[in-house]
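> Here is my input; please provide its structure:
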Amino acid sequence: MTMRNWLAAFGLILAMLLGHAPAQAADADPFADIAGIVGKSWRGEGTGPDGKPMVDQSRWEWALGGKAVRITHILGDLSYGGETLVFWDKGAKTMIYHYFTTAGFHTQGVMRADGPGKLVAEEDVAGHPKISKVRSTLTLKDGVLTNQAEFLSDGKWTPGHTITYREAATADLPPFPKAR
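Next up is the predicted model:
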């Protein structure tokens, strides 16, 4: 797997952090269980599918007056980043999200709780030359977020990456490099 393949799943990883709550009642706050994640920046370290170490920085913010969460992330070497918008689909009673990347592909997916502190997410990938789907498992324990992802490419699921996030010392992210 190339670094780009790993990155295809990155948006999902971050988005999954938002959805660790079980399906919510119509009048309950669907973001209640993740409110402690939002309003913070996170620094993740891990190894991509190419075996190389990587660092990712992300910022979680309330969006649309608290009806959604926006996650912006950028790799430590500034080679790639993206933005995810997550919201509660009241009709479907699930978290859904859309992820847009600096590499030109995008994804959309759904998330479900799978026990306390565990979230499973699945997304469809559009515009990536090899990856068509990503599925990830995120575990939140003692303020540490761990994500494991796998990719569907050429009809086969392959391991993606494991990355561990901790709250960042600084809230600011580096700016995206200008493309124009």
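> tell me the contacts of residue 164?
Neighbouring residues of residue 164 by C-beta atoms under 8 Å, 6 or more residues apart in numbering: 44, 45, 46, 144, 145, 146, 147. No exception for glycine: its C-beta is placed from N, CA and C like everyone else's.
> Not counting residues beside it along the chain, what's closest to residue 169?
residue 43 (7.7 Å; C-beta to C-beta, 6 or more residues apart in numbering).
> any idea which element the one you found lies in?
Assigning secondary structure by DSSP states H and E places residue 43 in strand 41-47.
> That strand pairs with which strands, and in what direction?
Here strand 41-47 is paired, per DSSP bridges, with strand 53-63 (antiparallel), strand 156-167 (antiparallel).
> Let's have these in TSV, adding distance to residue 39.
Converted to TSV, these look like this (distance: least, C-beta to C-beta, whole Å):
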stretch	distance to residue 39
strand 53-63	7
strand 156-167	11
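> Residue 124: which of those strands is closest?
Using C-beta to C-beta as the measure, strand 156-167 is the one of the strands paired with strand 41-47 that comes nearest residue 124, at 14.4 Å.
> Check which residues of that closest one are buried.
The neighbour-count check on strand 156-167 (16 or more other C-beta atoms under 10 Å) flags 160, 161, 163, 165 as buried.
> Relative to residue 46, how far out is the second one?
Taking C-beta to C-beta, to the nearest Å as the criterion, residue 161 is separated from residue 46 by 6 Å.
> what's the overlap in contacts for these two?
residue 54.
> quick revisit: for the residue nearest to residue 169, what are its contacts?
Residue 43 is in contact with 55, 56, 57, 165, 166, 167, 168, 169, counting by C-beta under 8 Å, 6+ apart.
> Bridged to it, which residues?
Beta-bridge partners of residue 43, as defined by DSSP bridges: residue 57, residue 166.
> so where do the strands sit in the protein?
For the chain, the strands defined by DSSP state E occupy 41-47, 53-63, 68-75, 81-89, 94-101, 106-113, 118-126, 131-141, 144-153, 156-167.
> how about JSON lines for the ones you listed, with mean pLDDT added?
Below are the strands of the chain laid out as JSON lines (pLDDT from 0 to 100):
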{"stretch": "strand 41-47", "mean pLDDT": "92"}
{"stretch": "strand 53-63", "mean pLDDT": "92"}
{"stretch": "strand 68-75", "mean pLDDT": "92"}
{"stretch": "strand 81-89", "mean pLDDT": "93"}
{"stretch": "strand 94-101", "mean pLDDT": "92"}
{"stretch": "strand 106-113", "mean pLDDT": "88"}
{"stretch": "strand 118-126", "mean pLDDT": "89"}
{"stretch": "strand 131-141", "mean pLDDT": "89"}
{"stretch": "strand 144-153", "mean pLDDT": "91"}
{"stretch": "strand 156-167", "mean pLDDT": "91"}
